[in-house]
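[1] give me coordinates for this.
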Amino acid sequence: MTSKARTHQPLPLFDTIENLMDIMRSNDRPVAGYLTTSANAGAAQDYEHALTFLYSYRGSRDTFASYRREVERLLQWCWFVNDSTLVQLKRTDIEAYIDFCQQPPINWIGTKTVPRFIDHNGIRIANTAWRPFVVKRSRSNNSEDGAQSFSLSANALQPIFAILGSFFTYLIQEEYTEANPVSLIRQKSKYLRKRQQKDKIRRLTVLQWSYVVETAEMMASNDPEQHERTLFVVLALYAMYLRISELTVTERWTPQMGDFSMDMDGHWWFTTVGKGNKERDITVSDGMLKALKRYRAFLGLSALPSPGETTPLIHKTRGKGGINSTRQIRNIVKNCFDTSIMRMQQHGLEQDSELLKAATVHWLRHTGISDDVKHRPREHVRDDAGHGSSAITDKYIDVEMRERHRSAKHKTIKPDLD
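    Numbers count the residues shown, from 1 in each chain. Take a look at the predicted model:
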């Protein structure tokens, strides 16, 4: 590890989508001083090209966040550790960068997610608490010592190749660079571990899900002002296989009550725009329709939405409009998970509660799909989930795994000589 990496204090480069749009419309670059005083002489040009590249992904908050993370890390390393610009990077530099990411210095690692920029006297300034890497801590471990044992997982390495490969392809098309150093790495297998079998789908067990939904119902009954929304969010993610981004307001999509609609046969559907900006209609079950009626009753609305109703689907607790941050949805679900874990521990279910600590919001979508594919035609589940092919839906069918384990469960390992 170079001394530069240890002593340099990384600062964020790219703000939120909304602020990025303001920056693109003006000539004011909030990090200009940071670049001219601390970085390589060519950093300003790198920054401008990266800014334009990221701006093209403003239509999806999750995609933008992923691309911003990888581009921001590369630029920080390129300027302040490698003492170079994007134009100068070669294959060996990218390999050195990947090694750096697998074990960055402590001062590049944060122990919690914080905003990149904060408001100060009406001006957006860099948040000095921000770090390029954030250690993932379990709910049972709140110690900041986690940064000492930080390591980048094999799954986290995949987007480095994919996103940075796309970034350099863009730079070539803009005639800023002449080669794509990421594509020149021929032995990516030494970084990306291959699995012989299909990846395990991360989902809740029947017991865990029963506790989560029961907890959400209890929270809603005890504090409806705060948690009727919690109950509806949890049920919508599970029952309609929604991605977290499909519940939040984006530049291209605003979830509204009017997205629930009834067809000529009296069947209810929910229309959303998901990954790849693809619109799809999702079947609304009787149970989900009941949950919708309950949520609308709490909001003081009619039992069911009228055509074209513009009421926000997931309302803010403060201010007007719908939630526009996936982080808020994550916090809502995390609160429910944490309370469920506490209840399970009180009931002596230590092992199940420990496993639930690893769960994320996306597990609710996985759980809903996995539960339904057991008794619904997989083509129906595929279309409701927005899967591009039945092969993706097949990953949720674990009958073969059960049979495989059952056939091996009682095999003998010690010969019977009698």
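
[2] quick one, strands of the stretch 201-350 of the chain?
    260-262, 268-273, 279-283 (DSSP state E, counting those that start in this stretch).

[3] ok, the stretch 1-150 of the chain next?
    109-110, 117-120, 123-126, 133-134.

[4] may I have the helix or strand following the last one exported as PDB, CA atoms only?
    The helix or strand immediately downstream of strand 133-134 is helix 154-173, counting by DSSP states H and E. What follows is the C-alpha trace of helix 154-173 in PDB, where atoms were taken according to Å, rounded to 0.1, in the frame of the first residue of the first chain:
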ATOM      1  CA  ALA A 154     -16.300 -11.800  -5.300                       C
ATOM      2  CA  ASN A 155     -19.800 -10.500  -6.100                       C
ATOM      3  CA  ALA A 156     -18.700  -6.900  -5.600                       C
ATOM      4  CA  LEU A 157     -15.800  -7.400  -8.100                       C
ATOM      5  CA  GLN A 158     -18.200  -8.100 -10.900                       C
ATOM      6  CA  PRO A 159     -19.600  -4.600 -11.300                       C
ATOM      7  CA  ILE A 160     -16.000  -3.200 -11.400                       C
ATOM      8  CA  PHE A 161     -15.400  -5.000 -14.600                       C
ATOM      9  CA  ALA A 162     -18.800  -4.400 -16.100                       C
ATOM     10  CA  ILE A 163     -19.200  -0.700 -15.200                       C
ATOM     11  CA  LEU A 164     -15.700   0.400 -15.800                       C
ATOM     12  CA  GLY A 165     -15.600  -1.600 -19.000                       C
ATOM     13  CA  SER A 166     -18.700   0.400 -20.100                       C
ATOM     14  CA  PHE A 167     -17.100   3.700 -18.900                       C
ATOM     15  CA  PHE A 168     -13.900   3.200 -21.000                       C
ATOM     16  CA  THR A 169     -16.000   2.200 -24.000                       C
ATOM     17  CA  TYR A 170     -17.800   5.500 -23.700                       C
ATOM     18  CA  LEU A 171     -14.400   7.300 -23.400                       C
ATOM     19  CA  ILE A 172     -13.200   5.700 -26.600                       C
ATOM     20  CA  GLN A 173     -16.400   6.700 -28.400                       C
END
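
[5] residues contacting helix 154-173, please?
    With C-beta atoms under 8 Å, 6 or more residues apart in numbering as the test, helix 154-173 has contacts from 49-50, 53, 66-67, 70-71, 74, 86, 94, 98, 101-102, 177-183, 185, 188, 191-193. Heads up, the C-betas are built off the backbone N, CA and C, glycines and all.

[6] so for the chain, the centremost residue is which one?
    Note on the chain: the residue nearest the mean C-alpha position is Asp62, at 6.3 Å, using C-alpha atoms, centre = their mean.

[7] for it, report the pLDDT, please.
    At Asp62, the model reports a pLDDT of 80.

[8] related to what we said a few turns ago, inside helices: which ones of the contacts of helix 154-173?
    His49, Ala50, Phe53, Ser66, Tyr67, Glu70, Val71, Leu74, Ile94, Ile98, Cys101, Gln102 (DSSP state H).

[9] which non-adjacent residue is nearest the last one?
    So the one you mean is Gln102. Spatial nearest neighbour of Gln102, chain neighbours left out: Leu152 (4.9 Å); criterion: C-beta to C-beta, 6 or more residues apart in numbering.

[10] mind listing what the one you found touches?
    Cys101, Gln102, Gln103, Phe133.

[11] report the buried members of those.
    For the contacts of Leu152, a burial check counting by 16 or more other C-beta atoms under 10 Å picks out Cys101, Phe133.

[12] in JSON lines, list the contacts of Leu152 along with pLDDT and distance to His8.
    Listed next are those as JSON lines, based on pLDDT from 0 to 100; distance: C-beta to C-beta, whole Å:
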{"residue": "Cys101", "pLDDT": "90", "distance to His8": "15"}
{"residue": "Gln102", "pLDDT": "87", "distance to His8": "18"}
{"residue": "Gln103", "pLDDT": "87", "distance to His8": "16"}
{"residue": "Phe133", "pLDDT": "92", "distance to His8": "14"}
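
[13] redo the contacts of Leu152 as JSON lines? Include distance to Leu356.
    Formatted as JSON lines, the contacts of Leu152 follow (distance: C-beta to C-beta, whole Å):
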{"residue": "Cys101", "distance to Leu356": "30"}
{"residue": "Gln102", "distance to Leu356": "29"}
{"residue": "Gln103", "distance to Leu356": "30"}
{"residue": "Phe133", "distance to Leu356": "26"}
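
[14] isn't Arg124 up against Asp15?
    Yes - the pair Arg124 and Asp15 qualifies as a contact (C-beta atoms under 8 Å) at a distance of 6.2 Å.

[15] so how far is Val381 from Phe260?
    Remark: distance between Phe260 and Val381 (C-beta to C-beta, to the nearest Å) = 20 Å.

[16] about what we covered before: make CSV out of the ones in helices among the contacts of helix 154-173 and add distance to His366.
    Output for these, formatted as CSV (distance: C-beta to C-beta, whole Å):
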residue, distance to His366
His49, 37
Ala50, 33
Phe53, 31
Ser66, 19
Tyr67, 24
Glu70, 24
Val71, 29
Leu74, 31
Ile94, 33
Ile98, 29
Cys101, 27
Gln102, 27
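
[17] who wins for neighbours among these?
    Within the ones in helices among the contacts of helix 154-173, Leu74 tops the neighbour count with 25 neighbours, counted by other C-beta atoms under 10 Å.
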